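> whatever this is, show me its structure:
(chains A, B, C and D)
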Protein chains: 2
Amino acid sequence: MKVLIIEDEKNLSDSICQYLADENFLCEVADTFDTAMEKISLYDYMCIILDINLPGGSGLELLKELKRNNKNDGVLIISARNSLDDKVYGLKAGADDYLSKPFYLPELSARVAAIIRRKSFNGNNIITFEELQLNLGDKTAIVNDQVIDLTRKEYDLLLYFISNKNKVISKSAIAEHICGDEMDLSGSYDFLYSHIKNLRKKLLQSGCPDYIRSVYGMGYKLSLS
Amino acid sequence: MKVLIIEDEKNLSDSICQYLADENFLCEVADTFDTAMEKISLYDYMCIILDINLPGGSGLELLKELKRNNKNDGVLIISARNSLDDKVYGLKAGADDYLSKPFYLPELSARVAAIIRRKSFNGNNIITFEELQLNLGDKTAIVNDQVIDLTRKEYDLLLYFISNKNKVISKSAIAEHICGDEMDLSGSYDFLYSHIKNLRKKLLQSGCPDYIRSVYGMGYKLSLS
DNA sequence: TACGACTCTACAGAATTTCTACAGTTTTCC
DNA sequence: GGAAAACTGTAGAAATTCTGTAGAGTCGTA
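Residues are numbered from 1 along each chain as shown, chains lettered A, B, ... in the order given. Prediction:
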(Lines give C-alpha, C1' and ligand atoms only; values in the text may rest on other atoms or scores of the structure.)
Protein backbone atom coordinates (compact mmCIF):
# COMPACT_ATOMS: atom_id res chain seq x y z
CA MET A 1 0.00 0.00 0.00
CA LYS A 2 2.44 2.61 -1.21
CA VAL A 3 1.97 6.33 -0.70
CA LEU A 4 4.20 9.03 -2.11
CA ILE A 5 4.59 12.28 -0.21
CA ILE A 6 5.76 15.14 -2.38
CA GLU A 7 6.74 17.90 0.01
CA ASP A 8 9.91 19.88 0.44
CA GLU A 9 9.47 20.95 4.03
CA LYS A 10 11.20 18.17 5.86
CA ASN A 11 9.45 18.66 9.18
CA LEU A 12 6.08 18.29 7.59
CA SER A 13 6.92 15.34 5.38
CA ASP A 14 8.49 13.57 8.34
CA SER A 15 5.45 13.88 10.50
CA ILE A 16 3.10 12.90 7.70
CA CYS A 17 5.34 9.98 6.98
CA GLN A 18 5.40 8.79 10.53
CA TYR A 19 1.69 9.19 11.01
CA LEU A 20 0.82 7.31 7.85
CA ALA A 21 3.39 4.62 8.58
CA ASP A 22 1.59 3.98 11.84
CA GLU A 23 -1.59 3.61 9.85
CA ASN A 24 0.19 0.85 7.96
CA PHE A 25 1.01 2.69 4.76
CA LEU A 26 4.36 2.31 3.05
CA CYS A 27 5.58 5.87 2.64
CA GLU A 28 8.13 7.36 0.32
CA VAL A 29 9.11 11.00 0.24
CA ALA A 30 10.18 13.16 -2.67
CA ASP A 31 11.36 16.64 -1.82
CA THR A 32 11.97 18.14 -5.25
CA PHE A 33 10.14 18.32 -8.52
CA ASP A 34 12.66 16.13 -10.27
CA THR A 35 12.81 13.31 -7.75
CA ALA A 36 9.02 13.35 -7.65
CA MET A 37 8.83 13.03 -11.42
CA GLU A 38 11.30 10.21 -11.35
CA LYS A 39 9.48 8.26 -8.68
CA ILE A 40 6.17 8.73 -10.40
CA SER A 41 7.49 7.52 -13.70
CA LEU A 42 9.14 4.50 -12.12
CA TYR A 43 6.50 3.24 -9.76
CA ASP A 44 2.80 3.13 -9.11
CA TYR A 45 1.35 4.49 -5.90
CA MET A 46 -2.02 4.06 -4.33
CA CYS A 47 -2.04 7.70 -3.38
CA ILE A 48 0.17 10.71 -3.97
CA ILE A 49 0.15 13.56 -1.47
CA LEU A 50 1.16 16.56 -3.49
CA ASP A 51 2.33 19.93 -2.31
CA ILE A 52 1.59 22.52 -4.99
CA ASN A 53 4.57 24.69 -4.16
CA LEU A 54 7.65 22.75 -5.01
CA PRO A 55 11.24 23.75 -5.60
CA GLY A 56 11.99 23.17 -9.26
CA GLY A 57 8.50 23.21 -10.68
CA SER A 58 4.82 23.42 -10.00
CA GLY A 59 2.86 20.55 -8.53
CA LEU A 60 0.14 21.20 -11.07
CA GLU A 61 2.61 20.48 -13.85
CA LEU A 62 3.36 17.21 -12.17
CA LEU A 63 -0.31 16.40 -11.97
CA LYS A 64 -0.77 17.06 -15.66
CA GLU A 65 2.17 14.84 -16.47
CA LEU A 66 0.55 12.09 -14.43
CA LYS A 67 -2.67 12.32 -16.37
CA ARG A 68 -0.87 12.60 -19.68
CA ASN A 69 0.64 9.20 -19.01
CA ASN A 70 -2.66 7.63 -18.09
CA LYS A 71 -1.45 6.97 -14.58
CA ASN A 72 -4.21 6.11 -12.22
CA ASP A 73 -2.61 7.01 -8.91
CA GLY A 74 -4.91 8.86 -6.53
CA VAL A 75 -3.85 12.42 -5.78
CA LEU A 76 -4.45 14.53 -2.70
CA ILE A 77 -3.31 18.12 -3.03
CA ILE A 78 -2.04 20.03 -0.05
CA SER A 79 -1.30 23.69 -0.45
CA ALA A 80 -0.30 26.52 1.81
CA ARG A 81 -2.30 29.08 -0.03
CA ASN A 82 -5.86 28.82 1.02
CA SER A 83 -6.96 30.24 -2.27
CA LEU A 84 -9.85 28.89 -4.19
CA ASP A 85 -7.66 28.99 -7.29
CA ASP A 86 -5.37 26.16 -6.25
CA LYS A 87 -8.33 24.04 -5.33
CA VAL A 88 -10.18 24.67 -8.56
CA TYR A 89 -7.14 24.19 -10.76
CA GLY A 90 -6.03 21.12 -8.87
CA LEU A 91 -9.33 19.34 -9.03
CA LYS A 92 -9.79 20.35 -12.62
CA ALA A 93 -6.39 18.88 -13.43
CA GLY A 94 -7.56 15.55 -12.05
CA ALA A 95 -6.71 15.56 -8.36
CA ASP A 96 -9.03 13.52 -6.17
CA ASP A 97 -9.13 15.76 -3.15
CA TYR A 98 -7.76 18.94 -1.66
CA LEU A 99 -6.59 19.93 1.78
CA SER A 100 -5.20 23.31 2.73
CA LYS A 101 -2.40 23.79 5.21
CA PRO A 102 -2.33 23.74 8.07
CA PHE A 103 -4.24 20.55 8.63
CA TYR A 104 -4.64 17.90 11.29
CA LEU A 105 -2.88 14.67 10.52
CA PRO A 106 -5.89 12.48 11.31
CA GLU A 107 -7.83 14.40 8.72
CA LEU A 108 -5.09 13.91 6.13
CA SER A 109 -4.99 10.24 6.92
CA ALA A 110 -8.74 9.93 6.62
CA ARG A 111 -8.72 11.62 3.24
CA VAL A 112 -5.88 9.43 1.96
CA ALA A 113 -7.77 6.36 3.09
CA ALA A 114 -10.92 7.65 1.41
CA ILE A 115 -9.12 8.21 -1.87
CA ILE A 116 -7.66 4.74 -1.82
CA ARG A 117 -11.03 3.29 -0.94
CA ARG A 118 -12.65 5.07 -3.84
CA LYS A 119 -9.89 4.13 -6.24
CA SER A 120 -9.69 0.43 -5.72
CA PHE A 121 -10.74 -0.78 -2.33
CA ASN A 122 -14.14 -0.88 -0.85
CA GLY A 123 -13.24 -0.12 2.71
CA ASN A 124 -12.10 -3.12 4.63
CA ASN A 125 -8.89 -4.03 2.93
CA ILE A 126 -10.72 -5.54 0.05
CA ILE A 127 -9.31 -5.14 -3.41
CA THR A 128 -11.47 -6.10 -6.35
CA PHE A 129 -11.52 -6.82 -10.02
CA GLU A 130 -14.99 -7.32 -11.40
CA GLU A 131 -16.70 -9.98 -9.29
CA LEU A 132 -13.36 -11.02 -7.90
CA GLN A 133 -12.58 -9.90 -4.36
CA LEU A 134 -9.36 -10.22 -2.44
CA ASN A 135 -9.38 -9.60 1.27
CA LEU A 136 -5.93 -8.46 2.29
CA GLY A 137 -6.77 -8.82 5.95
CA ASP A 138 -7.47 -12.49 6.19
CA LYS A 139 -5.95 -13.33 2.81
CA THR A 140 -8.98 -14.88 1.24
CA ALA A 141 -10.41 -14.63 -2.22
CA ILE A 142 -14.15 -14.28 -2.71
CA VAL A 143 -16.28 -14.68 -5.81
CA ASN A 144 -20.02 -14.22 -5.56
CA ASP A 145 -20.02 -14.43 -1.75
CA GLN A 146 -18.22 -17.70 -1.99
CA VAL A 147 -14.78 -18.12 -0.45
CA ILE A 148 -12.12 -19.68 -2.63
CA ASP A 149 -9.33 -21.56 -0.91
CA LEU A 150 -6.07 -20.36 -2.33
CA THR A 151 -2.58 -21.47 -1.46
CA ARG A 152 -0.09 -18.82 -0.51
CA LYS A 153 1.49 -18.65 -3.95
CA GLU A 154 -1.87 -18.56 -5.66
CA TYR A 155 -2.94 -15.73 -3.41
CA ASP A 156 0.27 -13.79 -4.12
CA LEU A 157 -0.21 -14.37 -7.79
CA LEU A 158 -3.77 -13.11 -7.79
CA LEU A 159 -2.84 -10.09 -5.70
CA TYR A 160 -0.09 -9.22 -8.13
CA PHE A 161 -2.45 -9.60 -11.05
CA ILE A 162 -5.12 -7.43 -9.54
CA SER A 163 -2.75 -4.69 -8.49
CA ASN A 164 -1.42 -4.60 -12.05
CA LYS A 165 -4.70 -5.03 -13.81
CA ASN A 166 -4.86 -4.27 -17.52
CA LYS A 167 -1.10 -4.24 -17.75
CA VAL A 168 1.03 -6.91 -19.33
CA ILE A 169 3.37 -8.28 -16.71
CA SER A 170 6.34 -10.39 -17.65
CA LYS A 171 6.91 -13.83 -16.27
CA SER A 172 10.18 -12.78 -14.73
CA ALA A 173 8.44 -9.94 -12.90
CA ILE A 174 5.85 -12.37 -11.62
CA ALA A 175 8.50 -14.84 -10.57
CA GLU A 176 10.40 -12.14 -8.71
CA HIS A 177 7.25 -11.08 -7.00
CA ILE A 178 6.04 -14.44 -5.77
CA CYS A 179 9.41 -16.03 -5.09
CA GLY A 180 11.60 -13.10 -4.16
CA ASP A 181 15.05 -12.69 -5.60
CA GLU A 182 16.49 -15.96 -4.34
CA MET A 183 14.78 -17.76 -7.19
CA ASP A 184 17.41 -19.50 -9.29
CA LEU A 185 15.04 -19.78 -12.23
CA SER A 186 17.34 -21.87 -14.43
CA GLY A 187 15.47 -20.62 -17.42
CA SER A 188 12.26 -22.43 -16.77
CA TYR A 189 8.91 -21.05 -15.80
CA ASP A 190 7.26 -24.43 -15.34
CA PHE A 191 6.38 -23.73 -11.73
CA LEU A 192 4.64 -20.54 -12.82
CA TYR A 193 2.60 -22.37 -15.43
CA SER A 194 1.50 -24.77 -12.76
CA HIS A 195 0.41 -22.09 -10.34
CA ILE A 196 -1.43 -20.18 -13.00
CA LYS A 197 -3.16 -23.30 -14.16
CA ASN A 198 -4.30 -24.11 -10.63
CA LEU A 199 -5.39 -20.56 -9.97
CA ARG A 200 -7.41 -20.45 -13.17
CA LYS A 201 -9.01 -23.74 -12.31
CA LYS A 202 -10.12 -22.60 -8.87
CA LEU A 203 -11.48 -19.34 -10.20
CA LEU A 204 -13.36 -21.04 -13.00
CA GLN A 205 -14.86 -23.54 -10.57
CA SER A 206 -16.29 -20.61 -8.62
CA GLY A 207 -18.02 -19.31 -11.70
CA CYS A 208 -15.50 -16.56 -12.33
CA PRO A 209 -14.61 -15.98 -15.98
CA ASP A 210 -10.97 -16.41 -16.90
CA TYR A 211 -9.70 -12.87 -16.69
CA ILE A 212 -6.09 -14.04 -16.79
CA ARG A 213 -5.04 -13.61 -20.34
CA SER A 214 -1.86 -15.12 -21.69
CA VAL A 215 -0.02 -12.71 -23.93
CA TYR A 216 2.16 -14.88 -26.09
CA GLY A 217 5.81 -14.00 -25.77
CA MET A 218 5.17 -11.16 -23.32
CA GLY A 219 3.58 -12.46 -20.19
CA TYR A 220 0.14 -12.25 -18.64
CA LYS A 221 -2.51 -9.65 -18.23
CA LEU A 222 -5.59 -9.43 -16.05
CA SER A 223 -8.29 -7.83 -18.13
CA LEU A 224 -11.83 -8.10 -19.36
CA SER A 225 -11.43 -8.60 -23.08
CA MET B 1 14.54 -2.45 -28.56
CA LYS B 2 18.21 -3.25 -28.11
CA VAL B 3 20.05 -3.00 -24.82
CA LEU B 4 23.76 -3.50 -24.26
CA ILE B 5 24.93 -4.88 -20.94
CA ILE B 6 28.55 -4.08 -20.17
CA GLU B 7 29.47 -6.21 -17.19
CA ASP B 8 32.23 -8.70 -16.61
CA GLU B 9 30.64 -10.74 -13.85
CA LYS B 10 28.91 -13.42 -15.83
CA ASN B 11 26.39 -14.36 -13.16
CA LEU B 12 25.12 -10.84 -12.95
CA SER B 13 25.02 -10.16 -16.67
CA ASP B 14 23.20 -13.43 -17.19
CA SER B 15 20.43 -12.63 -14.78
CA ILE B 16 20.08 -9.08 -16.04
CA CYS B 17 20.01 -10.46 -19.54
CA GLN B 18 17.32 -12.97 -18.83
CA TYR B 19 15.17 -10.56 -16.89
CA LEU B 20 15.31 -7.91 -19.57
CA ALA B 21 14.82 -10.45 -22.34
CA ASP B 22 11.60 -11.47 -20.66
CA GLU B 23 10.60 -7.83 -20.62
CA ASN B 24 11.00 -7.94 -24.38
CA PHE B 25 14.33 -6.24 -24.73
CA LEU B 26 16.93 -7.59 -27.11
CA CYS B 27 20.00 -7.96 -24.95
CA GLU B 28 23.64 -8.17 -25.87
CA VAL B 29 26.47 -8.57 -23.42
CA ALA B 30 30.01 -7.22 -23.55
CA ASP B 31 32.35 -8.43 -20.82
CA THR B 32 35.49 -6.46 -21.56
CA PHE B 33 36.38 -2.90 -22.35
CA ASP B 34 37.38 -3.75 -25.90
CA THR B 35 34.34 -5.76 -26.91
CA ALA B 36 32.18 -3.04 -25.41
CA MET B 37 33.94 -0.37 -27.46
CA GLU B 38 33.54 -2.44 -30.57
CA LYS B 39 29.84 -3.06 -30.07
CA ILE B 40 29.19 0.56 -29.29
CA SER B 41 30.93 1.72 -32.44
CA LEU B 42 29.10 -0.81 -34.58
CA TYR B 43 25.54 -0.56 -33.34
CA ASP B 44 23.03 1.78 -31.78
CA TYR B 45 21.35 0.81 -28.54
CA MET B 46 18.33 2.22 -26.83
CA CYS B 47 20.11 1.86 -23.53
CA ILE B 48 23.53 0.81 -22.31
CA ILE B 49 23.89 -0.69 -18.86
CA LEU B 50 27.41 0.12 -17.83
CA ASP B 51 29.48 -1.31 -15.03
CA ILE B 52 32.11 1.21 -13.97
CA ASN B 53 34.68 -1.39 -13.01
CA LEU B 54 35.74 -3.18 -16.14
CA PRO B 55 38.74 -5.32 -17.00
CA GLY B 56 40.80 -3.43 -19.56
CA GLY B 57 39.61 0.08 -18.89
CA SER B 58 37.28 2.28 -16.92
CA GLY B 59 33.62 2.48 -17.74
CA LEU B 60 33.89 6.25 -17.41
CA GLU B 61 36.39 6.28 -20.26
CA LEU B 62 33.90 4.39 -22.33
CA LEU B 63 31.21 6.88 -21.48
CA LYS B 64 33.41 9.76 -22.59
CA GLU B 65 34.17 8.01 -25.85
CA LEU B 66 30.46 7.62 -26.41
CA LYS B 67 29.85 11.31 -25.96
CA ARG B 68 32.90 12.19 -28.06
CA ASN B 69 31.30 10.35 -30.93
CA ASN B 70 27.97 12.09 -30.43
CA LYS B 71 26.23 8.85 -29.74
CA ASN B 72 22.85 9.33 -28.21
CA ASP B 73 22.41 5.96 -26.54
CA GLY B 74 20.95 6.16 -23.05
CA VAL B 75 23.32 5.09 -20.30
CA LEU B 76 22.56 3.56 -16.93
CA ILE B 77 25.56 3.16 -14.68
CA ILE B 78 25.77 0.34 -12.20
CA SER B 79 28.61 0.31 -9.75
CA ALA B 80 29.65 -1.73 -6.77
CA ARG B 81 31.09 1.18 -4.90
CA ASN B 82 28.31 3.01 -3.27
CA SER B 83 30.42 6.13 -3.34
CA LEU B 84 29.05 9.45 -4.27
CA ASP B 85 32.08 9.89 -6.53
CA ASP B 86 31.03 7.31 -9.08
CA LYS B 87 27.59 8.74 -9.20
CA VAL B 88 28.71 12.32 -9.55
CA TYR B 89 31.39 11.60 -12.15
CA GLY B 90 29.08 9.29 -14.04
CA LEU B 91 26.21 11.70 -14.28
CA LYS B 92 28.57 14.55 -15.05
CA ALA B 93 30.06 12.53 -17.89
CA GLY B 94 26.63 12.21 -19.40
CA ALA B 95 25.06 9.10 -17.94
CA ASP B 96 21.29 9.22 -17.61
CA ASP B 97 20.91 7.37 -14.37
CA TYR B 98 22.78 5.55 -11.66
CA LEU B 99 22.07 2.42 -9.68
CA SER B 100 24.36 0.97 -7.06
CA LYS B 101 24.84 -2.74 -6.57
CA PRO B 102 23.27 -4.78 -5.32
CA PHE B 103 19.98 -3.87 -6.88
CA TYR B 104 16.60 -5.39 -7.44
CA LEU B 105 16.04 -6.50 -11.03
CA PRO B 106 12.56 -4.98 -11.38
CA GLU B 107 14.06 -1.67 -10.34
CA LEU B 108 16.79 -1.94 -12.95
CA SER B 109 14.19 -2.79 -15.54
CA ALA B 110 12.01 0.15 -14.53
CA ARG B 111 14.95 2.50 -14.81
CA VAL B 112 15.98 1.18 -18.21
CA ALA B 113 12.42 1.65 -19.42
CA ALA B 114 12.37 5.16 -17.98
CA ILE B 115 15.60 6.11 -19.73
CA ILE B 116 14.27 4.87 -23.04
CA ARG B 117 11.03 6.75 -22.49
CA ARG B 118 12.87 9.95 -21.72
CA LYS B 119 15.30 9.59 -24.60
CA SER B 120 12.95 8.64 -27.35
CA PHE B 121 9.47 9.51 -26.30
CA ASN B 122 9.76 12.71 -24.26
CA GLY B 123 9.02 10.77 -21.13
CA ASN B 124 5.59 9.81 -22.29
CA ASN B 125 4.16 6.41 -21.77
CA ILE B 126 1.86 6.79 -24.71
CA ILE B 127 3.15 7.59 -28.13
CA THR B 128 0.86 8.36 -31.00
CA PHE B 129 0.69 8.79 -34.71
CA GLU B 130 -2.61 10.21 -35.88
CA GLU B 131 -5.36 7.96 -34.51
CA LEU B 132 -2.81 5.30 -33.68
CA GLN B 133 -1.82 4.94 -30.02
CA LEU B 134 0.86 2.79 -28.49
CA ASN B 135 0.91 2.36 -24.73
CA LEU B 136 4.38 1.35 -23.65
CA GLY B 137 3.21 0.47 -20.15
CA ASP B 138 0.63 -2.11 -20.89
CA LYS B 139 2.01 -2.86 -24.33
CA THR B 140 -1.17 -2.35 -26.26
CA ALA B 141 -1.98 -0.68 -29.53
CA ILE B 142 -5.18 1.30 -29.69
CA VAL B 143 -7.06 2.75 -32.65
CA ASN B 144 -10.27 4.64 -32.00
CA ASP B 145 -10.57 3.30 -28.45
CA GLN B 146 -10.30 -0.20 -29.76
CA VAL B 147 -7.45 -2.45 -28.69
CA ILE B 148 -5.59 -4.22 -31.47
CA ASP B 149 -3.99 -7.54 -30.64
CA LEU B 150 -0.46 -7.51 -31.91
CA THR B 151 2.16 -10.20 -31.72
CA ARG B 152 5.51 -9.36 -30.22
CA LYS B 153 7.20 -8.71 -33.54
CA GLU B 154 4.29 -6.69 -34.84
CA TYR B 155 4.34 -4.57 -31.71
CA ASP B 156 8.08 -4.01 -31.98
CA LEU B 157 7.68 -3.13 -35.61
CA LEU B 158 4.97 -0.60 -34.96
CA LEU B 159 6.92 0.90 -32.08
CA TYR B 160 9.93 1.31 -34.32
CA PHE B 161 7.83 2.88 -37.04
CA ILE B 162 6.18 5.36 -34.73
CA SER B 163 9.39 6.36 -33.01
CA ASN B 164 10.87 7.06 -36.45
CA LYS B 165 7.79 8.57 -37.97
CA ASN B 166 8.19 10.53 -41.20
CA LYS B 167 11.65 9.08 -41.62
CA VAL B 168 12.62 6.45 -44.14
CA ILE B 169 14.03 3.45 -42.35
CA SER B 170 15.97 0.74 -44.11
CA LYS B 171 15.01 -2.87 -43.98
CA SER B 172 18.32 -3.82 -42.42
CA ALA B 173 17.78 -1.30 -39.63
CA ILE B 174 14.33 -2.71 -39.01
CA ALA B 175 15.60 -6.26 -39.04
CA GLU B 176 18.33 -5.43 -36.58
CA HIS B 177 15.91 -3.65 -34.34
CA ILE B 178 13.36 -6.42 -34.09
CA CYS B 179 15.71 -9.40 -34.26
CA GLY B 180 19.00 -8.23 -32.80
CA ASP B 181 22.36 -9.08 -34.28
CA GLU B 182 21.99 -12.83 -34.25
CA MET B 183 19.80 -12.60 -37.30
CA ASP B 184 21.32 -14.69 -40.06
CA LEU B 185 19.48 -12.72 -42.74
CA SER B 186 20.94 -14.61 -45.72
CA GLY B 187 20.07 -11.67 -47.87
CA SER B 188 16.35 -12.16 -47.71
CA TYR B 189 13.77 -9.95 -46.07
CA ASP B 190 10.90 -12.31 -46.62
CA PHE B 191 10.15 -12.51 -42.93
CA LEU B 192 9.94 -8.75 -42.78
CA TYR B 193 7.50 -8.62 -45.67
CA SER B 194 5.33 -11.09 -43.84
CA HIS B 195 5.29 -9.15 -40.59
CA ILE B 196 4.58 -5.90 -42.34
CA LYS B 197 1.80 -7.49 -44.29
CA ASN B 198 0.21 -8.84 -41.13
CA LEU B 199 0.61 -5.57 -39.29
CA ARG B 200 -0.97 -3.65 -42.15
CA LYS B 201 -3.85 -6.07 -42.25
CA LYS B 202 -4.60 -5.72 -38.54
CA LEU B 203 -4.42 -1.96 -38.67
CA LEU B 204 -6.67 -1.77 -41.71
CA GLN B 205 -9.19 -4.06 -40.05
CA SER B 206 -9.40 -1.57 -37.18
CA GLY B 207 -10.26 1.21 -39.56
CA CYS B 208 -6.82 2.75 -39.54
CA PRO B 209 -5.51 4.01 -42.90
CA ASP B 210 -2.31 2.44 -44.15
CA TYR B 211 0.29 4.87 -42.95
CA ILE B 212 3.12 2.46 -43.71
CA ARG B 213 4.57 3.63 -47.00
CA SER B 214 6.91 1.44 -48.97
CA VAL B 215 9.78 3.45 -50.36
CA TYR B 216 11.00 1.54 -53.33
CA GLY B 217 14.65 0.56 -52.99
CA MET B 218 15.02 2.33 -49.65
CA GLY B 219 12.79 0.84 -47.02
CA TYR B 220 9.66 2.04 -45.27
CA LYS B 221 8.27 5.20 -43.86
CA LEU B 222 5.41 5.93 -41.51
CA SER B 223 3.73 9.06 -42.78
CA LEU B 224 0.50 10.66 -43.85
CA SER B 225 1.03 11.17 -47.54
C1' DT C 1 9.99 -38.10 15.95
C1' DA C 2 6.63 -39.86 12.80
C1' DC C 3 2.64 -39.26 10.25
C1' DG C 4 -0.59 -37.30 7.10
C1' DA C 5 -2.19 -33.55 4.51
C1' DC C 6 -1.12 -30.02 1.87
C1' DT C 7 1.84 -27.34 -1.22
C1' DC C 8 5.40 -26.62 -4.47
C1' DT C 9 8.19 -27.67 -8.49
C1' DA C 10 10.10 -30.63 -12.20
C1' DC C 11 9.12 -33.17 -16.16
C1' DA C 12 7.20 -34.79 -20.48
C1' DG C 13 4.09 -34.67 -23.99
C1' DA C 14 0.10 -32.09 -26.13
C1' DA C 15 -1.92 -27.97 -27.79
C1' DT C 16 -1.51 -23.45 -29.34
C1' DT C 17 0.49 -19.38 -31.29
C1' DT C 18 3.87 -17.17 -33.81
C1' DC C 19 7.58 -17.03 -37.06
C1' DT C 20 9.75 -17.60 -41.44
C1' DA C 21 10.85 -19.90 -45.85
C1' DC C 22 8.96 -20.59 -50.20
C1' DA C 23 6.68 -20.01 -54.56
C1' DG C 24 3.93 -17.39 -57.29
C1' DT C 25 1.99 -12.70 -58.28
C1' DT C 26 1.97 -7.79 -58.59
C1' DT C 27 4.18 -3.35 -58.62
C1' DT C 28 7.83 -0.13 -59.61
C1' DC C 29 11.46 1.80 -62.04
C1' DC C 30 14.32 2.56 -66.06
C1' DG D 1 9.19 -4.70 -71.82
C1' DG D 2 12.26 -6.50 -68.58
C1' DA D 3 14.58 -6.73 -64.23
C1' DA D 4 14.45 -5.81 -59.55
C1' DA D 5 11.71 -5.08 -55.60
C1' DA D 6 7.70 -5.69 -52.93
C1' DC D 7 3.55 -8.28 -51.83
C1' DT D 8 0.54 -12.39 -50.77
C1' DG D 9 -1.07 -16.92 -49.17
C1' DT D 10 0.43 -21.13 -47.40
C1' DA D 11 2.58 -24.56 -44.83
C1' DG D 12 5.95 -26.39 -42.01
C1' DA D 13 9.23 -25.04 -38.24
C1' DA D 14 9.97 -23.09 -34.02
C1' DA D 15 8.75 -21.11 -29.85
C1' DT D 16 5.61 -20.71 -26.18
C1' DT D 17 2.08 -22.15 -23.21
C1' DC D 18 -0.87 -25.71 -21.17
C1' DT D 19 -1.87 -30.02 -18.78
C1' DG D 20 -1.52 -34.12 -15.90
C1' DT D 21 1.40 -36.56 -13.03
C1' DA D 22 4.68 -37.58 -9.67
C1' DG D 23 8.13 -36.80 -6.42
C1' DA D 24 10.06 -33.42 -3.10
C1' DG D 25 9.35 -30.26 0.36
C1' DT D 26 6.70 -28.08 4.31
C1' DC D 27 3.81 -27.71 8.17
C1' DG D 28 1.11 -28.90 11.99
C1' DT D 29 -0.30 -32.46 15.09
C1' DA D 30 -0.13 -36.38 17.70
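
> DNA strand D contacts on chain A?
Neighbours of DNA strand D within chain A, by Cβ under 7 Å from any atom of the strand: A:171, A:189-190, A:193-194, A:196-197, A:200, A:214-219. (C-beta placed from N, C-alpha, C; glycine too.)

> mind redoing it with 6 Å?
By the rule Cβ under 6 Å from any atom of the strand, the part of chain A lying against DNA strand D is A:190, A:193, A:194, A:196, A:197, A:200, A:214, A:216, A:217.

> just checking, the last one touches residue B:152?
What it means is residue A:217. Yes - counting by Cβ atoms under 8 Å, residue B:152 is a contact partner of residue A:217 at 4.0 Å.

> distance of the spatially most central residue of chain A from DNA strand C?
Compute the mean C-alpha point of chain A, and by Cα atoms, centre = their mean the closest residue is residue A:46, 3.5 Å away. Going from residue A:46 to DNA strand C by Cβ to the nearest atom of the strand, to the nearest Å gives 26 Å.

> which pLDDT does the model give that residue?
Predicted confidence (pLDDT) at residue A:46: the value is 81.

> do the same with residue A:210
Taken from the predicted model, the pLDDT recorded for residue A:210 is 93.

> quick check: closest non-adjacent residue to it.
Closest residue to residue A:210 apart from its sequence neighbours, by Cβ to Cβ, 6 or more residues apart in numbering or on different chains: residue A:200 at 5.7 Å.

> now do residue A:9
Excluding the flanking residues, the one nearest residue A:9 by Cβ to Cβ, 6+ apart is residue A:51, at 7.8 Å.

> can you give me the pLDDT of the one you found?
So residue A:51 comes in at 89 (pLDDT).

> bridging residues for it?
Beta-bridge partners for residue A:51, by DSSP bridges, are residue A:78.

> from memory it sits against residue A:79, does it?
Yes - taking contacts as Cβ under 8 Å, residue A:51 lies within contact range of residue A:79: 6.8 Å.

> what sits in contact with each of those two?
Both residue A:51 and residue A:79 are in contact with residue A:59, where contact means Cβ atoms under 8 Å, 6 or more residues apart in numbering or on different chains.

> what residues does chain A have near chain B?
A:38, A:41-43, A:65, A:68-71, A:166-168, A:170-173, A:176-177, A:181, A:185, A:187, A:215-219, A:221, A:225 (Cβ under 8 Å from any Cβ of the partner chain).

> any regions of chain A where pLDDT drops low?
Residue ranges of chain A with pLDDT under 70: A:1, A:24, A:81-84, A:120-125, A:137, A:180-187.

> quick one, strands of chain A?
A:2-6, A:26-30, A:47-51, A:53-54, A:57-58, A:74-79, A:97-100, A:126-129, A:132-135, A:140-143, A:146-148, A:212-215, A:219-222 (DSSP state E).

> what about the residue nearest to the centre of chain A, distance to chain B?
Spatial separation of residue A:46 from chain B under the definition Cβ to the nearest Cβ, to the nearest Å is 17 Å.

> not counting its neighbours along the chain, what's nearest that residue?
Excluding the flanking residues, the one nearest residue A:46 by Cβ to Cβ, 6+ apart is residue A:116, at 4.9 Å.

> selection in ChimeraX covering whichever of the residues of chain A next to chain B are buried, please.
Command for ChimeraX that selects the buried part of the residues of chain A next to chain B, burial taken from 16 or more other Cβ atoms under 10 Å in any protein chain shown:
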select /A:38,41,65,69,71,166,167,168,170,171,172,173,176,177,185,215,218,219,221
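
> that older thread, between residue A:217 and residue B:152, which contacts overlap?
residue B:24.

> residue A:145: neighbouring residues, count only.
When neighbours are defined as other Cβ atoms under 10 Å in any protein chain shown, residue A:145 has 7 of them.

> hmm, I was thinking of residue A:146
11.

> before we move on, back to that, out of the strands of chain A, which is the most enclosed?
strand A:47-51 (a mean of 26; mean count of other Cβ atoms under 10 Å in any protein chain shown).

> does anything pack onto that strand? Which helices or strands?
When contacts are defined as 3 or more Cβ pairs under 8 Å, 6 or more residues apart in numbering or on different chains; DSSP states H and E, strand A:47-51 packs onto strand A:2-6, helix A:59-68, strand A:74-79, helix A:105-119.

> in the second one, what's buried?
With burial defined by 16+ other Cβ under 10 Å, the residues of helix A:59-68 counted as buried are A:59, A:60, A:62, A:63, A:65, A:66.

> report all helices and strands that that helix contacts.
Packing partners of helix A:59-68 (3+ Cβ pairs under 8 Å, 6+ apart): helix A:33-42, strand A:47-51, strand A:74-79, helix A:84-92.

> and the contacts of the shortest one?
Put plainly, it is strand A:47-51. Outside strand A:47-51, the residues that touch it by Cβ under 8 Å, 6+ apart are A:3-9, A:16, A:40, A:59, A:62-63, A:66, A:73-79, A:95, A:108, A:112, A:115-116, A:119.

> make it 7 Å
Residues from elsewhere that reach strand A:47-51, judged by Cβ atoms under 7 Å, 6 or more residues apart in numbering or on different chains: A:3-8, A:16, A:59, A:62-63, A:73-79, A:112, A:115-116.
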